[in-house]
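Asker: can't give you the sequence, but here's the structure:
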């Protein structure tokens, strides 16, 4: 039925418009309460630059750009000959120092001790003979039967024999007590230094073989066999297969819903109907301006917070820098959201 009164008709139209706006606002608020939120960002995959920790001539490379590698797989190696020679020398030095240390710890040989004991016995016998000769000279001293010089010589011979016996007894005591503790400690330190040098050479030999640190794909190969490389020179750039995440940006009013652990769905242009699954892993505590390469319907100069979405089911179709659309899943058990 048509309304004849124009003023009444305008009033009803205005009231209907107000109710529509209220209904839209309620619907939006309900959707926001249900956790519906769309974010935009890009795939972010870690890359690592690989090189040898030691210098040398590159002998071989086992992979090329585009090859898929697994953790622990050999990627290349240097010429091992110079390092192997260093290791052989270090091992020989370690063996020499070990033998020297064992010698000092075991003490002098039994044969050396027995020889020193025999020397003591010999010197004791010589002293006894010198004392007897001196006694005879003392009996004749002053009688004129023997010259005074003979007595003096006998006295000097007795004193010399005593000194020689004391020296022999000291040598025997030294052999019985073994080497000094300071000598053993010095030999022990020298052996430890030789062992450390050998361990360093073994480590250098191990570092001359380049292994993949994780599963990934070779992006770049920068050198060829035969090149002389300095320690740390880049050889490969590896794109890691895990972890894979998306970097998105959240406006301040939506921070309360983008919490760590929140489940999300990730959509790409190449497979819009089959989303990837993930969860919020990190939200930056500081605000920043939205990067110009992020496609969002919001004003690009608005301050936002960077968030990291960890992808739980990545595949090779996700590539570095690929744009993604991230939608927060409604909380589990939300029947209103299901309706």
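Answerer: Received, thanks. Because the structure is a prediction, the values reported are computed rather than measured. Residues are numbered from 1 along each chain as shown.
Asker: which residues touch stretch 240-250?
Answerer: By Cβ atoms under 8 Å, 6 or more residues apart in numbering, the residues outside stretch 240-250 that reach it are 39-48, 214-217, 258, 266, 278, 281, 283, 288, 290-291, 294, 296, 304-311, 314, 318, 324, 326. Where you see a C-beta, it was placed from the backbone N, CA and C, and this is true even at glycine.
Asker: try stretch 126-144
Answerer: Residues from elsewhere that reach stretch 126-144 (Cβ under 8 Å, 6+ apart): 146, 148, 150-151, 154-155, 157-158, 160-162, 164-165.
Asker: how about a cut-off of 6 Å?
Answerer: 146, 150, 151, 154, 155, 157, 158, 161, 162, 165 (Cβ atoms under 6 Å, 6 or more residues apart in numbering).
Asker: mind checking which of these land in strands?
Answerer: Judged by DSSP state E, strands contain none of the contacts of stretch 126-144.
Asker: now which of the residues you listed would you call buried?
Answerer: Applying 16 or more other Cβ atoms under 10 Å to the contacts of stretch 126-144, the neighbour count classes 151, 154, 155, 157, 158, 161, 165 as buried.
Asker: quick one, what contacts the third one?
Answerer: Pointing back at residue 155 there. By Cβ under 6 Å, 6+ apart, the neighbours of residue 155 are residue 134.
Asker: go on, the fourth one?
Answerer: Under the criterion of Cβ under 6 Å, 6+ apart, the contact list for residue 157 reads residue 130.
Asker: just the pLDDT at it, thanks.
Answerer: Residue 157 carries a pLDDT value of 87.
Asker: on that earlier part again, could I get the contacts of stretch 126-144 as a markdown table with distance to residue 183?
Answerer: Output for the contacts of stretch 126-144, formatted as a markdown table (distance: Cβ to Cβ, whole Å):
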| residue | distance to residue 183 |
| --- | --- |
| 146 | 51 |
| 150 | 47 |
| 151 | 46 |
| 154 | 42 |
| 155 | 40 |
| 157 | 37 |
| 158 | 36 |
| 161 | 32 |
| 162 | 30 |
| 165 | 27 |
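Asker: farthest-apart pair in those residues, please.
Answerer: For the contacts of stretch 126-144, the maximum inter-member distance is 25.9 Å, found between 146 and 165 (Cβ to Cβ).
Asker: which of the contacts of stretch 240-250 fall within strands?
Answerer: Under the assignment DSSP E, those contribute 39-48, 216-217, 266, 278, 281, 283, 288, 304-311, 324, 326 to strands.
Asker: would you show me how to pick out the buried ones of the residues you listed in PyMOL?
Answerer: Paste this into PyMOL to select the buried members of the ones in strands among the contacts of stretch 240-250, with burial taken from 16+ other Cβ under 10 Å:
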select buried, resi 39+40+41+42+43+44+45+216+217+266+278+281+283+304+305+306+307+308+309+310+311+324+326
